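A.B. asks: following is a predicted model, sequence given first.
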Amino acid sequence: MTPNTISSPSVVGTLPFDLDALNQQFETAHPAEILTWCVENIPTGLVQASAFNVDDMVITDILYRQLHPATPVPVIFLDTLYHFPQTLELVAKTQATYHHLNLQVYKIPQINSREAFTAQYGEALWDTDIAQFHRLTKIEPLQRGLSELGALAWITGRRRDQANTRADMPIFELDGNQRLKVNPIATWTRKETWAYVMEQGVIYNPLHDQGYPSIGDEPITTPIAAGEDERAGRWRGTGKTECGIHI
């Protein structure tokens with residue numbers, strides 16, 4: 001099996017998928033076409049990972065308002081305990097808007113508050129050991145969630161124009177555990193995402209209107225200035241560009 005080929009009977013029957021061919025086929029496709037292919041070819045074992053940023057909301061809207069797959073696609077949300085209140089309010093609003101939303105929340109086991117986290121791991125772990133902070137709050141919970149949900153493929157809200165590190169991102173790829181990883185809005189621009197949101201009336205985090213194009217944990221997310229990279233407000237001053245779940 002080559003790095004660009006998947007051959008798993010539970011995903012594609014007896015025929016292998018050639019990721020190069022898939023990427024070529026869907027390079028100019030609308031995200032809805034890509035997601036349609038996903039729900040038709042992976043009727044079970046398909047999961048969306050969502051931080052409830054605007055791009056994630058577009059994907060959830062397509063899945064739950066347009067496609068209505070027979071098996072609702074689980075949406076994994078990582079409760080780091082350090083989200084903005086507005087993010088948590090959006091999660092609740094999304095549940096109310098999409099009535100059959102299969103929301104799956106994962107977090108650090110047996111830690112239920114910021115106070116408990118501090119008592120266990122020390123004050124402001126994101127300042128003293130950002131890699132450990134993300135391992136605890138994001139990387140391990142996500143991998144546990146994908147495993148427990150039996151994920152064969154998972155969907156992200158990443159776009160190529162979000163950062164230089166994502167400029168060459170394919171639509172279909174394999175993650176480090178050989179799961180299929182789908183980036184259905186990879187080819188879209190920020191403008192196209194917002195056009196969809198406005199046209200379809202998709203709910204979104206109000207922080208996006210306050211200078212936060214990319215929203216992460218409250219202590220380590222800042223607004224950006226005009227002309228800055230879309231993700232410049234994440235881990236400002238650290239040189240960090242990813243939390244680790246996409247590496």
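C.D. replies: Yep, it's here.
A.B. asks: so, low pLDDT: which residues of this structure?
C.D. replies: In the predicted model of the chain, residues 1-16, 228, 231-247 satisfy pLDDT under 70.
A.B. asks: restricting to C-alpha, output the helix ranked longest in it in CSV.
C.D. replies: If you go by DSSP state H, the chain has its longest helix at helix 85-97. The C-alpha coordinates for helix 85-97 follow below in CSV (Å, rounded to 0.1, in the frame of the first residue of the first chain):
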residue,chain,number,x,y,z
PRO,A,85,-17.8,32.1,26.9
GLN,A,86,-19.0,33.0,23.4
THR,A,87,-17.7,29.7,22.0
LEU,A,88,-19.6,27.7,24.6
GLU,A,89,-22.7,29.8,23.9
LEU,A,90,-22.4,29.0,20.2
VAL,A,91,-22.1,25.3,21.0
ALA,A,92,-25.4,25.4,22.9
LYS,A,93,-27.0,27.5,20.1
THR,A,94,-25.8,25.0,17.5
GLN,A,95,-27.5,22.2,19.4
ALA,A,96,-30.7,24.1,19.4
THR,A,97,-30.5,25.0,15.7
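A.B. asks: what ranges do the helices span in the protein?
C.D. replies: 9-12, 19-26, 31-41, 54-61, 85-97, 114-121, 125-128, 130-134, 140-148, 190-200.
A.B. asks: just those helices: most buried one?
C.D. replies: Using mean count of other C-beta atoms under 10 Å, the stretch among these with the largest mean neighbour count is helix 54-61, at a mean of 24. In this view, the C-beta of every residue, glycine as well, is placed from N, C-alpha and C.
A.B. asks: and the angle for that helix with helix 31-41?
C.D. replies: Put simply, helix 54-61 runs at 50 degrees to helix 31-41, going by axes from the mean of the first three to the mean of the last three C-alpha atoms, to 10 degrees.
A.B. asks: which outside residues touch helix 54-61?
C.D. replies: 31, 35, 48, 50, 75, 90, 94, 98, 101, 155, 157-159, 184-185, 188, 193-194, 196-197, 200, 202-205, 208 (C-beta atoms under 8 Å, 6 or more residues apart in numbering).
A.B. asks: returning to that earlier point: need the helices of the chain in CSV with distance to K107, can you?
C.D. replies: Below are the helices of the chain laid out as CSV (distance: least, C-beta to C-beta, whole Å):
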stretch, distance to K107
helix 9-12, 28
helix 19-26, 32
helix 31-41, 26
helix 54-61, 18
helix 85-97, 12
helix 114-121, 10
helix 125-128, 15
helix 130-134, 13
helix 140-148, 6
helix 190-200, 27
